[in-house]
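> compute the structure for the input listed below.
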Amino acid sequence: MNRNFENKLLKENIYYFLQNQEQNEQDLLDEISLNNIKQYIKKNILIFGLVGIAVTIAKSVYEISPNTVRDVLQDIGFNKKISKDEKYEKIKNLLRNTKNNQNLPDYLLEQLVVINTNRIGRLGKFIIIDDADNKLYIFNEDYSLAHEIPVLTGKDKGDIDNFPFGVWLDENDLRKQYELKDKELTRSIFKKYLRDRELANMQVTPSGVYTISKYTKKDENDEFEKTFYGDGVLSIVPGYDTKLAKTITIALHGTHIKEREKNLDKALKILNDNPGSDVTFLSTTPTFGCINLKDEHLKLIDVIFKNENVNGNSLNVYIMNDNHEEIYQFGSGSFEEFISAYDYVNQLMHDKVEGLYSLMRRLRGLNKVFIDDEKYEIK
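Sure thing, here's the model as predicted:
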């Protein structure tokens, strides 16, 4: 046997032995620690019972979604819906006669009226994503159309993402494993999340106002990342560039999944030949909820995002309803910032409460999830 190979094999055996020994010691310490905690709880059962009730109440409070708060506030008179009066029609006609807007569908013009009414004082370009028509529109500051881009969106209907990744991690007691940042383990966990999201019929692209927060370029040599994310990911946060906001599960990113790429190429050719054409056949290759687009368009948006930042502006993204029956009532800057601030506090509360809730479940031996090596094919 080759001497170098023997040395390498010996080193690997020593490494795995030490690793297993360290893990066994940690398991023993965890078991001792857990037993001590259980004994302590038995002695203080009344106090922990009251804490459990408090945690359960808190959990039910933070599970009221920001979109529910939005609907309630609109129902009681805040962020009044824009009525289709004479002023509304005047703005709509002005927008229709703006450069490059003549062929825009009526419902998109109506959505522009709502955005125009609530975007007063905001500068720079902005993006509208039409979930129902599989299109992303980039508009100039003067509301003239700059680009019409084909995109893929979530498979399931709905305007609210009720299956966020962070909540799923905590409910399945997987946050600690995920935060180990072991590449293979985190991917196995994420694949399981996608499978659960699919089984729950929650592959939704949520409506609302968002702001692009950063661009993350993916590793070209990583086959998984390249296939799933293309060249990179544009992360978004709820609201108008508010400081009180957290990145959500949904993002804009590329894709090298063959069927998705093939359909995007086909749709782009159709739009280049005949702007405004129907490309809803893209719904036959939906996503898990994220917005997928070609790498060239991802890079275009990244350039616009960076340019807007240099000019002191943010790049806002307006995601419409997944049908055209009702125009989404985007709110004013202050209204949207309140909603995103609520979302931020909601998530902070979630992190703390779910940590306690998760501990209580673990102490009772409930909700343990084990990740195996089962493959999950992305079609």
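> can you list the residues that contact stretch 284-292?
Taking C-beta atoms under 8 Å, 6 or more residues apart in numbering as the criterion, the residues outside stretch 284-292 that touch it are 129, 136, 151-155, 161, 194, 197-198, 202-206, 230, 249-255, 257, 259-260, 263-264. C-beta: built from backbone N, CA, C; applies to glycine.
> which among the residues you listed end up buried?
Of the members of the contacts of stretch 284-292, the ones counted as buried by neighbours, 16 or more other C-beta atoms under 10 Å, are 129, 136, 151-155, 161, 194, 197, 202-206, 230, 249-255, 257, 260, 263-264.
> which pLDDT value goes with L282?
For L282, the model assigns a pLDDT of 96.
> what's the answer for the one 3 residues further on, then?
The model reports T285 with a pLDDT of 95.
> circling back: which members of the buried ones among the contacts of stretch 284-292 occur in strands, if any?
With DSSP state E as the criterion, strands contain I129, L136, A251, L252, H253 from among the buried ones among the contacts of stretch 284-292.
> I'd say the second one and I127 touch.
Read it as L136. Yes: because the distance of 6.3 Å satisfies C-beta atoms under 8 Å, L136 is recorded as touching I127.
> what about the stretch 101-250 of the chain, any weak spots by pLDDT?
For the stretch 101-250 of the chain, applying pLDDT under 70 flags the ranges 241-247.
> hey, where'd the strands end up in it?
Counting by DSSP state E, counting those that start in this stretch, one finds strands in the stretch 101-250 of the chain at the ranges 126-130, 135-139, 145-150, 208-217, 232-238.
> okay, the ones you listed in TSV with distance to D173 next?
Output for the strands of the stretch 101-250 of the chain, formatted as TSV (distance: least, C-beta to C-beta, whole Å):
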stretch	distance to D173
strand 126-130	34
strand 135-139	37
strand 145-150	40
strand 208-217	27
strand 232-238	26
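> K157 contacts E325, correct?
No: shown here, K157 and E325 do not form a contact pair, counting by C-beta under 8 Å, at 11.4 Å.
> so for the two, which sits in the more crowded spot?
Neighbours were counted for K157 and for E325 using other C-beta atoms under 10 Å; K157 has more, 14 against 8.
> which residues does that one contact?
With contact set as C-beta under 8 Å, 6+ apart, K157 has these partners: V204, D322, N323.
> repeat for Y210
Contacts of Y210 were listed using C-beta under 8 Å, 6+ apart, and they are I236, V237, P238, G239, I248, N316, V317, Y318, I319.
> same thing but 7 Å
If a contact means C-beta atoms under 7 Å, 6 or more residues apart in numbering, then Y210 has I236, V237, P238, V317, I319 as its contacts.
> those residues: which two are farthest apart?
V237 and I319 (13.0 Å; C-beta to C-beta).
> out of the contacts of Y210, who's nearest E110?
Looking at the contacts of Y210 and their distance to E110, the nearest is I319, at 15.6 Å (C-beta to C-beta).
> burial measure for the closest one, as a count.
Residues near I319, counting by other C-beta under 10 Å, number 24.
> against D295, how distant is it?
When distance is defined by C-beta to C-beta, to the nearest Å, I319 is 21 Å away from D295.
> for G166, same thing?
28 Å.
> now swap in K214 and tell me
From K214 over to D295 the distance is 17 Å, taken as C-beta to C-beta.
> one more: K218?
Between K218 and D295 the computed distance is 10 Å (C-beta to C-beta).
> find residues that contact each of those two.
With contacts defined as C-beta under 7 Å, 6+ apart, the residues adjacent to both K218 and D295 are D231.
> K214 and D295 - which one has more neighbours?
Neighbour comparison, K214 and D295: the larger count goes to D295, with 17 against 13 (by other C-beta under 10 Å).
> check what pLDDT that one gets.
According to the prediction, D295 has pLDDT 95.
> surely A132 and I327 touch.
No: counting by C-beta atoms under 7 Å, no contact exists between A132 and I327, whose distance comes to 11.9 Å.
> if you count surrounding residues, which of these two has more?
Taking other C-beta under 10 Å, A132 and I327 do not tie; I327 has more neighbours (20 against 16).
> and the more buried one, what does it touch?
If a contact means C-beta under 7 Å, 6+ apart, then I327 has Y107, E110, Q111, V114 as its contacts.
> swap the cut-off to 6 Å and go again
Under the criterion of C-beta atoms under 6 Å, 6 or more residues apart in numbering, the neighbours of I327 are E110, Q111, V114.
> again, but for K155
For K155, the contacting residues are Q203, P286, by C-beta under 6 Å, 6+ apart.
> A146 versus that one, what's the distance?
Separation of K155 from A146 (C-beta to C-beta) stands at 29 Å.
> next one: T287
If you go by C-beta to C-beta, the gap between T287 and A146 works out to 24 Å.
> which residue ranges form the helices in the stretch 151-300 of the chain?
Assignment of helices within the stretch 151-300 of the chain using DSSP state H, counting those that start in this stretch yields the ranges 165-171, 175-178, 183-199, 223-229, 258-273, 295-310.
> now those helices in a markdown table, with distance to R96?
Written out in a markdown table, the entries for these read as follows (distance: least, C-beta to C-beta, whole Å):
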| stretch | distance to R96 |
| --- | --- |
| helix 165-171 | 40 |
| helix 175-178 | 48 |
| helix 183-199 | 39 |
| helix 223-229 | 37 |
| helix 258-273 | 20 |
| helix 295-310 | 24 |
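> who wins for proximity to L123 among the ones you listed?
Across the helices of the stretch 151-300 of the chain, the minimum distance to L123, taken as C-beta to C-beta, is reached by helix 295-310, at 8.6 Å.
> what does that closest one rub up against?
By C-beta under 6 Å, 6+ apart, the residues outside helix 295-310 that reach it are G124, K125, I149, I212, Y215, G230, D231, G254, L315.
> nice, that's everything, thank you.
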